[in-house]
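Participant: no FASTA, just this:
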Ligand code: ADP
Ligand code: ZN
């Protein structure tokens, strides 16, 4: 027999099928090792066939077949081919999405433990064999027990009993279980009318994609759990995606409470061993539900009955590394393959999703009320211009301070949101205007007070703190802009007795960093949580009664067509963390632009109003979803290589443009807004298309001009045009 093998080298030059001789019975999807050139490389069997077009003498034989069920099932193989074609990336790169990286390198493997169990019902022991008798009695009482436990108490008796055939020792696979000591939340709720109607509406619709548009705190999670339960009863499995790793423990605890070991978790924060074991639990069919961030869409579950994407509007669902897949696209392919529904949930659906729903392409289901008819938290707008005029130059408006004091006095909790970490945004010499910048990136450095250093938020580089200006020697450095660290410092001055926690990229290191901070806060271990957008999403803290949005304008200032949408979403999401329990919640929103229309819709919780306004503007200005923005980004170690790469892709792209000018609203090449990141020089070709059908041509240009000297990739409606 002949196996068609993809070698695990992500390079376009070897991105093709290689034929190898193999034994009968080899299954597609198996991991193998094959001779390749002068060495051996890992590979995957894509198909098995009778004969090859190569002459038998040219064929080599597979060196090793891994002794396990095929790592990739039929669906994964089919999906991988579609993804590779859609994004024009080497197959090896796509296949890696489906496997824990540990498995490819062979770094991790199963762990086994020995267990002892009685092999006879009764036994006679001589008076000298007291320990043996005790061990035997112990095992009869306790049943199968790990040998390590028994050795401590009964030491040598174990071997003696095994020799006599009175006990049986077996080696069994042990699972490394992430979040093993997670508290499980077991309250099962009686569904509200709205929830029941929503479930009925989902069940009776035959649309592939369903959009659950429910205000924050309307009980969307309960609907997801019900759908998962239904599918499990029918013997099917479920994929449940959330936007943030920090949200997975919360969801896992609810899933474990209801479904026990059928729930598995998959995300990049797990240890290698845990990920490996969880993956195999799904592959073997032991686990039927996966909860995870975007990469969990590649879970090896079979017979999927429902795919859920919670907070579907979230930007984290688009991958930022090659292949730059959109989770929705992959989920839709899987939903089609399994003939199941794809449920999107959000309080603030993306404008594009909502447009499809309103047009009837997706089934639109609404939850308009919070659980128990709790009111939406009232949003007070604090006009920071007026604060400044009144002489208040602090980060906190009078209104926010008053609310904070009340919250602390009533022993409730508050969340303060600021989407910038560190202490100050930049460090500037007030004498000559010098700005501290990263050596490898064209961006200014952020001062971090706690670690007393300057950090680049693009490449992570750290620099020693300046004592004087390196240009003019001036001693007067000014710290512009506020970050979370500075807010915490200010809070500690204002309220020395308050316990303040900070949650941002600097404090959430380690495997369970997020989890620990959230657990502390949820357990009442702090009064105020200060954080970046990672605290905005999905968390359910019933004793939070105040949310402060310190700078609502920050995301409005991005010169990007989606800045209004993002601001609306962020405000609604953060505000939604308030008043989820018994007590009424409040929100203080600080802004320098209180008349801004987006803020006004957000304050009124008027999603429909926001949407109508936004979509008519997009239509009038011909921005997505009415057009498609495509960016081809070229980067290289040297400026010359980057320019060479730019030239190589620019001319074929220009040809497409010239042949289809009627389908372009914009076409130009230029420096990327940030000219250098991590030492790489960056150029871009930016296009706005009225016709998606040109997209494959653009991908093809990048793929055909791949070169070791530069990196060229395509971004569709990029969220971040830096
Ligand atoms: P959403 O995801 O829509 O923001 P959640 O699913 O987090 O809302 O639900 C908000 C709160 O209401 C949670 O604490 C949840 O346990 C609770 N809840 C959900 N459904 C019910 C119900 N039917 N009865 C009582 N409480 C419920
Ligand atoms: Zn940098």
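Facilitator: Received it, and whenever you're ready, just let me know what you need. Treat the numbers as computed from the prediction; the structure is a model and nothing was measured. Ligands and ions are numbered 1, 2, ... in the order given.
Participant: Contact residues of the stretch 351-500 of the chain facing ligand 2?
Facilitator: Within the stretch 351-500 of the chain, the residues that sit near ligand 2 (Cβ under 5 Å from the ion) are 438, 440-441, 456, 458-459, 461. C-beta here means a position set from N, CA and C on the backbone, and glycine is covered the same way.
Participant: one more time with 8 Å
Facilitator: Contacts of the stretch 351-500 of the chain with ligand 2, taken as Cβ under 8 Å from the ion, map to 438-441, 443, 445, 456-461.
Participant: Now that we have those residues, which of them are buried?
Facilitator: Neighbour counting over those (16 or more other Cβ atoms under 10 Å) leaves 438, 441, 443, 445, 456-459, 461 as the buried ones.
Participant: Please tabulate those residues in a markdown table, including the columns pLDDT and secondary structure.
Facilitator: Formatted as a markdown table, those follow (pLDDT from 0 to 100; DSSP: H, G, I helix; E, B strand; the rest coil):
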| residue | pLDDT | secondary structure |
| --- | --- | --- |
| 438 | 91 | coil |
| 441 | 90 | coil |
| 443 | 87 | coil |
| 445 | 92 | coil |
| 456 | 92 | coil |
| 457 | 88 | coil |
| 458 | 86 | coil |
| 459 | 86 | coil |
| 461 | 90 | coil |
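Participant: Going by distance to ligand 1, which of these wins?
Facilitator: Nearest to ligand 1, judged by Cβ to the nearest ligand atom, of these is residue 457 at 29.7 Å.
Participant: I am assuming residue 699 contacts residue 322, so please confirm or correct that.
Facilitator: No. Contact between residue 699 and residue 322 fails when scored by Cβ atoms under 8 Å: they sit 11.9 Å apart.
Participant: thinking again about what came up before, okay, the residues of the stretch 351-500 of the chain next to ligand 2 in CSV with distance to residue 676 next?
Facilitator: Shown next, in CSV, are those (distance: Cβ to Cβ, whole Å):
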residue, distance to residue 676
438, 9
439, 10
440, 7
441, 6
443, 9
445, 14
456, 11
457, 14
458, 9
459, 10
460, 15
461, 12
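Participant: longest strand of the chain?
Facilitator: Ranked by residue count and defined by DSSP state E, the top strand of the chain is strand 664-677.
Participant: List the neighbouring strands of that one plus their orientation.
Facilitator: Using DSSP bridges, strand 664-677 pairs in its sheet with strand 680-689 (antiparallel).
Participant: immediately after the partner strand, which helix or strand?
Facilitator: Note on strand 680-689: by DSSP states H and E, the next helix or strand toward the C-terminus is helix 695-704.
Participant: Quick one: distance of that following helix to the chain centre.
Facilitator: 27 Å (Cα atoms, centre = their mean, to the nearest Å).
Participant: repeat for stretch 212-229
Facilitator: With Cα atoms, centre = their mean, you get 20 Å for stretch 212-229.
Participant: On the three-state scheme, residue 411 is what?
Facilitator: Assigned by DSSP: H, G, I helix; E, B strand; the rest coil, the conformation of residue 411 is coil.
Participant: Which positions in the protein make contact with ligand 2?
Facilitator: Residues of the chain lying near ligand 2 (Cβ under 8 Å from the ion): 438-441, 443, 445, 456-461, 677-678.
Participant: hang on, the earlier thing: just send the buried ones among the residues of the stretch 351-500 of the chain next to ligand 2 back as JSON lines, with distance to residue 348 too.
Facilitator: Output for these, formatted as JSON lines (distance: Cβ to Cβ, whole Å):
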{"residue": "438", "distance to residue 348": "34"}
{"residue": "441", "distance to residue 348": "32"}
{"residue": "443", "distance to residue 348": "29"}
{"residue": "445", "distance to residue 348": "33"}
{"residue": "456", "distance to residue 348": "31"}
{"residue": "457", "distance to residue 348": "26"}
{"residue": "458", "distance to residue 348": "28"}
{"residue": "459", "distance to residue 348": "31"}
{"residue": "461", "distance to residue 348": "35"}
